[in-house]
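Participant: structure for this input, please:
(one chain, ligands or ions: 1)
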Amino acid sequence: MPNREDIAAMRRQYGEHGLIEVELPANPIELFNTWLNEAASNEIVVEANAMVLSTEVDDQPTSRTVLLKDLTDQGFTFFSNYDSRKAKQITKNNNVCLLFPWYPMERQVIVIGSASKISEAESDNYFTSRPRGSQIGAWASAQSDELSSRAELEKRYAEFETKWPEGSVIPRPDFWGGYVVNPISIEFWQGRYSRLHDRIRYLRVKDNNWQIKRLNP
Ligand SMILES: Cc1cc2nc3c(=O)[nH]c(=O)nc-3n(C[C@H](O)[C@H](O)[C@H](O)COP(=O)(O)O)c2cc1C
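Facilitator: A predicted model of the protein is given here:
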């Protein structure tokens, strides 16, 4: 375990290539796609599509990791249990934040926006594409509820496995589906030398019009 001096000394030199205004696309989704593709092909980055989703209810923020599963002009899509803690929070307050931590690339993207459920047909489409084990897992897990033991979860999994034998079509549970986070702000952070990092924030002005601002690091 590192001691306090070791932790304070943790520091690395950041890259030279930064974010330059003349090279920035007008639409941040385009830049995000470039960065996501670069993260996906970087062998040190694990789960390039993992993002930290933060919600806030009654002045108490909470965070957890979810996987980005679609990206369109509507926004960033992830899938979850509609009865989970995060889902209950989103029902109360759908203003959320997403953070992509691509540390090995000295990059971070922060998305602020509002989450809403995607259509049932879209959720069905994605559910059908999932491996059978994940489909049964979605049925077996009352996500975020207290569990008496691991055995209880495995028992429920086995029951659903019996209910839908190999080869049968497993329907999507109505308590499971997708959310899309429609962004109002997308901030790109690129590490640079001497802590003079680049921070570029796109703010949605209207529809697909974005204002670009450079921020102090
Ligand atoms: C790498 C990684 C990916 C995850 N992806 C998802 C996901 O796509 N959807 C999901 O509901 N939970 C996912 N989880 C689990 C969540 O982080 C979290 O434990 C769960 O959704 C319950 O959160 P809640 O109680 O705040 O609702 C993932 C966890 C990790 C570490």
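Participant: for this structure, longest strand please?
Facilitator: In the chain, with assignment by DSSP state E, the single longest strand is strand 176-190.
Participant: any part of that one near the ligand?
Facilitator: No - using C-beta under 6 Å from any ligand atom, strand 176-190 stays clear of the ligand, with a minimum separation of 8.8 Å. C-beta here means a position set from N, CA and C on the backbone, and glycine is covered the same way.
Participant: run the chain-centre distance for that strand.
Facilitator: The chain centroid and the centroid of strand 176-190 are separated by 7 Å, computed with C-alpha atoms, centre = their mean, to the nearest Å.
Participant: same question for stretch 64-83.
Facilitator: That offset, for stretch 64-83, works out to 6 Å (C-alpha atoms, centre = their mean).
Participant: hmm, it touching the ligand?
Facilitator: Yes - on the criterion C-beta under 6 Å from any ligand atom, stretch 64-83 is in touch with the ligand at 64-67, 78-81.
Participant: can you check stretch 31-51 too?
Facilitator: Yes - residues of stretch 31-51 are located near the ligand by C-beta under 6 Å from any ligand atom, namely 47, 50.
Participant: what number of residues are in the vicinity of residue 19?
Facilitator: 18 (other C-beta atoms under 10 Å).
Participant: how about the contacts made by the nearest residue to it once chain neighbours are set aside?
Facilitator: Nearest residue to residue 19 in three dimensions, chain neighbours excluded: residue 198, at 4.1 Å (C-beta to C-beta, 6 or more residues apart in numbering). Residues near residue 198 by C-beta atoms under 8 Å, 6 or more residues apart in numbering: 18-19, 188-190, 192, 214, 217.
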